[in-house]
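S.K.: this one's structure only:
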């Protein structure tokens, strides 16, 4: 009988220990947050919760991207060249960015012809050494486009300049040449197709 009582006591003690461990684990998170706020250990999370304007500490908080080099500023100039009768230009001529910072610029295009056209853009960079470090995440130059007569389009270019770019480079020129894709342009609306007559038939008719 004493052995049975011993077992009951042991089970009761284990149950109490298990309940205590569960309660401690449940309360650990708020306790940890409270300790971090008191000691400043979790300073990154505290800074992220501060709203600019509600305190001096929040005014200088920058987005938490450690890859952005705020010590450098690069001027990116935008250029557009058109090989055809259409309007093609950047919405802005230049933009100042930090290496590692995501930036976006818009390019505007209008087909001023009275027919549909298929076209594509090819980028170029100056200086040439900047090309491997100019990373485009989104660009209209990735695809070909078909535009109706008079149709207007505005396309984004989202890019990031690699912080590994030489510090000697302070200005980059991004230039696009927009050209009509040969052999893929649909005929003008309403134009009748021209029948091609073989030369043999022409010679026969002339001879008759």
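M.R.: Yep, it's here. Everything numeric in this text was worked out from a predicted model, so none of it was measured. Numbers count the residues shown, from 1 in each chain.

S.K.: next, count neighbours for the nearest residue to residue 162 once chain neighbours are set aside.
M.R.: Distances taken as C-beta to C-beta, 6 or more residues apart in numbering place residue 133 nearest to residue 162, at 3.9 Å, with adjacent residues excluded. Glycine gets a C-beta too; all of them are placed from N, C-alpha and C. Around residue 133 sit 18 other residues, with neighbours defined as other C-beta atoms under 10 Å.

S.K.: do the one 4 residues further on as well
M.R.: A count of nearby residues for residue 137, using other C-beta under 10 Å, gives 11.

S.K.: could you list the buried residues of the strand or helix carrying it?
M.R.: With secondary structure defined by DSSP states H and E, residue 137 is part of strand 134-138. Within strand 134-138, the residues that qualify as buried by neighbour count (16 or more other C-beta atoms under 10 Å) are residue 134.

S.K.: what do you get for stretch 138-150?
M.R.: For stretch 138-150, using 16+ other C-beta under 10 Å, the buried residues are 139-141, 145, 147.

S.K.: export the residues you listed as JSON lines, with columns for pLDDT.
M.R.: Written out in JSON lines, the entries for those read as follows (pLDDT from 0 to 100):
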{"residue": "139", "pLDDT": "93"}
{"residue": "140", "pLDDT": "89"}
{"residue": "141", "pLDDT": "90"}
{"residue": "145", "pLDDT": "86"}
{"residue": "147", "pLDDT": "88"}
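
S.K.: identify the farthest-apart pair in those.
M.R.: Checking these against each other with C-beta to C-beta, the farthest-apart pair comes out as 139 and 147, at 17.3 Å.

S.K.: related to what we said a few turns ago, can you list contacts of the strand holding residue 137?
M.R.: Applying C-beta atoms under 8 Å, 6 or more residues apart in numbering, the contact partners of strand 134-138 are 102, 104, 123, 125, 156-162, 172, 174.

S.K.: quick one: mean pLDDT for that strand?
M.R.: Taken as a whole, strand 134-138 has a mean pLDDT of 94.

S.K.: partner strands of it and their direction?
M.R.: strand 152-161 (antiparallel) (DSSP bridges).

S.K.: now the strand it pairs with: mean pLDDT?
M.R.: Along strand 152-161, the predicted local confidence has a mean pLDDT of 94.

S.K.: which element follows that strand toward the C-terminus?
M.R.: Toward the C-terminus, strand 152-161 is succeeded by strand 171-180 as the next helix or strand (DSSP H and E).

S.K.: who's residue 126 bridged to?
M.R.: Here residue 126, judged by DSSP bridges, has bridge partners residue 173.
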